Each structure stands twice: as structure tokens, then as C-alpha cells.
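**Student:** what's the 3D shape of this:
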Amino acid sequence: MPHPNHNKPVRVSMIRAEPITLYGRTITPVARVTSGGGHEGTVRERRVEGVGWAFAQVKPLHIIEERNGETFKILIPDVTGETLRKMAILSVMVAVVSMIFILIGYVRRT
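**Tutor:** Residues are numbered from 1 along each chain as shown. The predicted structure follows:
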């Protein structure tokens, strides 16, 4: 019989790392943590079976810098995410253009 809590919800939280003070400046990294997991188990007559899964993603968002009584927020760009989005768009465009050339070739042959 499956465990009653085998599907746990996805959790998203903002975390602040321990502040670091150096040369009169205090910096505090801030990140978003997305995590989740679940498990399922079955007890049979001669064996126990189970499966589980989990994931976690830590995404740096910004750094809080404090100096001379002022607070600054320095954003951390998501270069990887931006690059992956551009690659996905490019691959769809290549697929569409390829399909157009295939259709043109098919129409010319008939």
C-alpha cells in the first residue's frame, strides 16, 4: 500500500547567506531555493519495494551591499537561462525554415 504522504509539494523560498564584512562593506548573497520530493513504498508478503525522488535548484538573485550607512542591491544576471532561451528560439526557427524548404521541394517535384 502506498505511503499516504508520497507526494510532497514543491517548496520555494528565499534565503540570505551569512553576511560577509570586508574593507568596511558588508555583502549578503540572496538566492531562491526551489525544492521538492516524494516517496512511495509497498510492503508485500516477502519483500519491501519503494521508490523516491527529490530535486533542488538554487538560483542566485542578488547581493545586498551595505557601506557607509547605505544599502545597495546588485542584481545577478541569469546568463545561462537567457542563453538557453535564445537557443530554444533558434532551434524552433531552424526547424520551421527546414520544414518550409522540405515543402517547397515536395511541391516542385509534383
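**Student:** Can you tell me the strand partners of the strand or helix carrying residue 21 and which way each runs?
**Tutor:** Assigned by DSSP states H and E, residue 21 falls within strand 20-22. Within its sheet, strand 20-22 is paired with strand 25-43 (antiparallel), according to DSSP bridges.
**Student:** that older thread, what's in contact with the strand holding residue 21?
**Tutor:** 26-28 (Cβ atoms under 8 Å, 6 or more residues apart in numbering). Bear in mind the C-beta positions are built from the backbone N, C-alpha and C, glycine included.
**Student:** how about 7 Å then?
**Tutor:** For strand 20-22, the surrounding residues in contact (Cβ atoms under 7 Å, 6 or more residues apart in numbering) are residue 27.
**Student:** Helix, strand, or coil at the residue positioned nearest the centre of the chain?
**Tutor:** In the chain, the residue lying closest to the centroid (Cα atoms, centre = their mean) is residue 57, at 5.2 Å. State at residue 57, reduced to three classes by DSSP: H, G, I helix; E, B strand; the rest coil: strand.
**Student:** and it, bridged to which residues?
**Tutor:** Bridge pairing for residue 57 - DSSP bridges - gives residue 34.
**Student:** Sounds good, over and out.
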